[in-house]
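S.K.: Sharing a model that was predicted from the sequence below.
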Amino acid sequence: MAFAAIVLLASCGNNHESKQAVTDSVKAGPPKPVPGTPIKYDSSKRYIYLTWDDGPQPPGSTNCRNIFHEQGVKATFFIVAMNAYDAKRKRWIDTLKNAYPEFLIANHSYTHAFKDNYKKFYKEVDSAVGDIQKAQNEIGYALKVVRLPGMNAWVGGGKRKGPQSSRKVYEMLDSLGYKVIGWDVEWQAKAGATPVQSADQMLKDVNKKFDDETSNQANTVVILAHDRMFAKQQYADSLTRFITLLKQDPRNVFETIDHYPTVQQK
């Protein structure tokens with residue numbers, strides 16, 4: 001009889017622990033998504049990928065991140081690894097890593113084509129690919145997704161497309177399992193940091209891509225800009241206006257680049 005009582009008490013204790021575990025699980029909510037988890041596309045929607053290059057470049061990088069967060073939109077930051085040269089910039093990258101699925105970081109090489117020496121970079125294929133791999137290892141990107149410095153090249157879904165001068169580099173990256181992302185619309189800059197188009201013109205450029213069906217993938221537009229362009233308040237305000245205008249169209253969905261069709265395809 002005493003033995004039965006002991007068993008009963010133990011059983012009650014285990015039941016309590018089991019209920020507590022369930023309660024804790026409910027409180028914790030669903031597991032946090034990880035980069036690369038596929039999404040299901042809605043053919044009635046227009047998918048917009050905000051991709052900002054060359055960070056970290058404070059204060060522009062911080063301004064962009066804050067604007068995207070305030071506007072409630074997703075974005076991808078293509079990081080140049082050599083720009084993460086101090087503790088503050090590394091913390092900025094860590095903040096983005098921890099903010100997924102709101103933000104994603106991706107590879108934009110270690111030296112940005114040997115500090116913009118594009119001819120040498122793409123001629124020295126092994127060194128160029130090694131530069132990208134070095135960035136991959138040091139920053140610890142979640143996925144093997146890269147944008148080539150200064151080259152509008154695409155690799156993914158069994159297809160390769162880009163300038164002839166960079167072909168050997170993106171072909172080697174393809175053989176190593178990288179997806180290469182170009183762009184459909186560029187927010188251009190003069191003198192390296194001053195936006196050329198207004199927010200309203202950018203909206204027209206994006207809508208034209210959708211309407212003409214001339215983007216790299218159907219129902220998608222990849223937008224390229226650079227963090228440094230939005231360091232000054234007047235240009236940060238222009239970015240805010242651009243996002244606000246895009247959000248007015250209920251068809252527009254903002255996604256990170258891991259959910260671009262050719263990245264999701266195996």
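M.R.: Okay, I see it. Residues are numbered from 1 along each chain as shown.

S.K.: and the residue nearest in space to the middle of the chain, helix, strand or coil?
M.R.: Geometric centre of the chain, nearest residue: Thr76, 2.4 Å, by CA atoms, centre = their mean. Following DSSP: H, G, I helix; E, B strand; the rest coil, we place Thr76 in the strand state.

S.K.: and it, what is it in contact with?
M.R.: Contacts for Thr76 were tallied using CB atoms under 8 Å, 6 or more residues apart in numbering; they are 49-52, 103-106, 256-258. C-beta coordinates here come from the backbone N, C-alpha and C atoms, glycine included.

S.K.: ok, the residues you listed vs Met172, which is closest?
M.R.: Ala106 (18.1 Å; CB to CB).

S.K.: Is that closest one in contact with Ala81, as I believe?
M.R.: No: when contacts are counted by CB atoms under 8 Å, Ala106 is not listed as touching Ala81 (11.5 Å).

S.K.: Flag every buried residue along stretch 204-221.
M.R.: 205-207, 209-210, 215-217, 219-221 (16 or more other CB atoms under 10 Å).

S.K.: hang on, I meant stretch 159-171
M.R.: 162, 166-167, 169-171.

S.K.: same check, this time on stretch 259-266
M.R.: Neighbour count says stretch 259-266 has 259-260, 262-264 buried, by 16+ other CB under 10 Å.

S.K.: And the furthest pair within the residues you listed?
M.R.: His259 and Thr262 (10.8 Å).

S.K.: Show the end-to-end separation of stretch 41-50, please.
M.R.: 17 Å (CA to CA, to the nearest Å).

S.K.: what does it contact?
M.R.: 68, 73-76, 206, 210, 219-223, 225, 246, 249, 251-257, 259-261.

S.K.: what do you get for stretch 129-139?
M.R.: Stretch 129-139 has contacts (CB under 8 Å, 6+ apart) with 79-81, 84, 93, 105, 107-111, 114, 121, 141, 144, 146, 169, 172-173, 176, 178.

S.K.: Strands of this protein, start to end?
M.R.: For the chain, the strands defined by DSSP state E cover 46-55, 75-79, 103-107, 145-146, 154-156, 159-161, 179-180, 185-186, 189-190, 194-195, 220-226, 252-254.

S.K.: Reformat these as a markdown table; add distance to Ala135 and mean pLDDT.
M.R.: Shown next, in a markdown table, are those (distance: least, CB to CB, whole Å; pLDDT from 0 to 100):
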| stretch | distance to Ala135 | mean pLDDT |
| --- | --- | --- |
| strand 46-55 | 12 | 98 |
| strand 75-79 | 8 | 98 |
| strand 103-107 | 5 | 98 |
| strand 145-146 | 8 | 98 |
| strand 154-156 | 17 | 97 |
| strand 159-161 | 21 | 96 |
| strand 179-180 | 14 | 98 |
| strand 185-186 | 22 | 98 |
| strand 189-190 | 23 | 96 |
| strand 194-195 | 26 | 98 |
| strand 220-226 | 17 | 98 |
| strand 252-254 | 25 | 98 |
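
S.K.: Many thanks, have a good one.
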